[in-house]
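In: Have a look at this prediction, sequence included:
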Amino acid sequence: MFKFINFSRSALAVFVACIYIFLYVPIVVLVLYSFNQGGFPDAWTGFSLHWYQDLFHSEEIWRAFLNSIIVACTSSFLSVTMSLLLVHGLRHYKQNLVPLFYANALIPDIVLAVGMLALFSCLFIPLGLTTLIAGHTLLGLGFAMPIIKGRYDELDKSLIEASLDLGASMQYTFFHVIVPFLYPAILVAFLLSIIISFDDFLISFFCSGSSVQTLSLYIFSMIRSGISPIVNALSTLLLIGSCFMLLIMMMFQRNLFRD
Amino acid sequence: MKIFKKISKSEKSFFFMAPALAWQICFFLLPLLFVIQLSMCTNLFQHATMEYFLEVIKISHFFVIFRSLLLASITATCCLFIGYPVAYYVALCAPARMKSKLMFLIVLPFLTNLLVQVYAWFFILEKHGVLNKFLSLLGFDFGHLLNNQFAMYLVMFHVYLPFMIMPLYSSLEKINIRLVESSLDLGASYFQTLCRVIVPLTIQGIKTGFFLVYVTSFGEYVIPSLIAGQKKYFVGTLISEYFFIGKDWHVGAAFTCLSSATFIISILLYQVALHKLVNRLQRV
């Protein structure tokens, strides 16, 4: 019997190792080829950083990157602020409104994107950065709200009352008691919304119009028109970026993904 | 006086809640209404017609919807059956100090740009790609490995696996290991323990993971349009074609409504089926 347990356990470990390899082989190959001297179909011709140099000199990519940053930061800021206000306002109500916002993450993106395009065009709102921010804020709300609500529920409500009893105004209590307690959750929600906004393709595709390009849209058009090692270098940098974000998030909230 | 205080309090908190609710109504509820409106009326203020719906109801369109449902079902099922052992291993078998590292490696692809992941597969599957080089060393030659159904399912599976493992891991982590031990001590076999104790305890995680993958992969646009080639249509690719190439928004909106309705019905059916499956498992 014991032999069987040992056997099945190591078989499971081998299986899991295979899955991990499967998950990472494409990414590792991508990163390796970004340092290749030649282009992609060639064999390995030597280490070189010149694709990274090309990347930094490409004006188009910088513009797309700047757009992505603007959209991601603005929409994350909006969604986190709105979540914070909603969660704080909700404390007087018995009903929990948070499940209402799950729908943002739980509806096929394409339906949402089509809906927004229909809305903007019916009301003659020109497509551009503002419409992109509106869409990404909506996406971010679906992720930020549950995270912040989860932490808010852990807050000892008597702390708020104590602060009010001791003569602090509601405003003072909000900024000096509630926000510091929520700080890790706010940071995690903010970073996650940034990543989601960077990652989003469909809403950008439908709501950006022809004038604005984000990084996702740029990569998509590059893949369509043929492989270029510059995208490898870009992808590698994006990968390192999300690696950093994840490390920070894990530092601040150990049980982030246990909800 | 007390009543006045109460009113102003709840009014104040409503004021706090207003921005998020307004955003949700403006950019979530309203767009969905506009899709319905677009699919039924030629103009903003006009009587409804059914002509767009009649145009949409075609055999070929039902094939497209069916193909998307199949894509989502196969992806979700594969992810469930392969993700469960992985989550099980990380949550219950792996040494404690390895757990967070292993989870880090699962979450990282989830937070990586979808297009980066899809792009990475080109290097494996291209004609001169890594897989072909490897196979030619062994003496095989398959030619082009991209632009077929299998490649698309492979990439779908790769992209959506982390979506499945995370909720499964969180529910497996919460299992009290003593329940498993007592089940084994009382004479149940490993298989029985798995079916009767572990799986029912993690049903919430299974549901979350399954529907997360199912919903997001139904409307998938990027992977079919980049990997599957131009021959096959899916819901996402057809909708975007109506909106961008055909410029026929009314029919596109009608098709969106039709496919969403079919999709919601399929979700309800799956929910019933999942419950039945778990009930049957418990009798093993």
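Out: That came through fine.
In: anything in the helix or strand hosting residue A:112 near chain B?
Out: Per DSSP states H and E, residue A:112 falls inside helix A:109-122. Yes: residues of helix A:109-122 contacting chain B under CB under 8 Å from any CB of the partner chain: A:109-112, A:114-119, A:121-122. Heads up, the C-betas are built off the backbone N, CA and C, glycines and all.
In: Please identify the buried residues of that helix?
Out: Across helix A:109-122, burial judged by 16 or more other CB atoms under 10 Å in any protein chain shown covers A:109-120, A:122.
In: residues in contact with residue 163?
Out: All of this is about chain A. Going by CB atoms under 8 Å, 6 or more residues apart in numbering or on different chains, residue A:163 touches A:172-173, A:176-177.
In: The intended chain is chain B.
Out: Taking CB under 8 Å, 6+ apart, we find residue B:163 in contact with B:79, B:110, B:209, B:212-213, B:216.
In: Pull up the gap between it and chain A, please.
Out: Distance of residue B:163 to chain A, given as CB to the nearest CB, to the nearest Å: 11 Å.
In: quick one on the thing from earlier: if any of the contacts of residue A:163 are buried, put those into a ChimeraX selection.
Out: The buried subset of those, as determined by 16+ other CB under 10 Å, is captured in ChimeraX by this line:
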select /A:173,177
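In: okay, and the helix or strand of chain A with the least pLDDT?
Out: helix A:99-105 (a mean of 80; mean pLDDT, DSSP states H and E).
In: of the residues of helix A:109-122 next to chain B, closest to chain B?
Out: Taking CB to the nearest CB as the measure, chain B lies nearest residue A:115 of those, at 2.8 Å.
In: how about the nearest residue to the closest one, chain neighbours excluded?
Out: In space, residue A:115 comes closest to residue B:31 once its chain neighbours are excluded; the distance is 2.8 Å by CB to CB, 6 or more residues apart in numbering or on different chains.
In: And the strand or helix carrying that neighbour, what's buried?
Out: Element membership for residue B:31, per DSSP H and E: helix B:30-40. By 16+ other CB under 10 Å, the buried positions in helix B:30-40 come out as B:30-32, B:34-40.
In: quick revisit: could you list which of the contacts of residue B:163 also contact chain A?
Out: Within the contacts of residue B:163, those near chain A by CB under 8 Å from any CB are B:212, B:216.
In: Put together a markdown table for the contacts of residue B:163, with secondary structure on each row.
Out: Below are these laid out as a markdown table (DSSP: H, G, I helix; E, B strand; the rest coil):
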| residue | secondary structure |
| --- | --- |
| B:79 | helix |
| B:110 | helix |
| B:209 | helix |
| B:212 | helix |
| B:213 | helix |
| B:216 | helix |
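In: what about the residue of the stretch 101-250 of chain B found nearest chain A, distance to residue A:106?
Out: Using CB to the nearest CB, residue B:219 is the residue of the stretch 101-250 of chain B that sits closest to chain A, at 3.1 Å. For residue B:219, the distance to residue A:106 equals 12 Å [CB to CB, to the nearest Å].
In: which of those two has more neighbours?
Out: Neighbour totals were compared for residue B:219 and residue A:106, and residue B:219 leads with 25 against 14 (other CB atoms under 10 Å in any protein chain shown).
In: Please look at that one and residue A:108 and confirm they touch.
Out: Yes: with contacts counted by CB atoms under 8 Å, residue B:219 reaches residue A:108, the gap being 3.1 Å.
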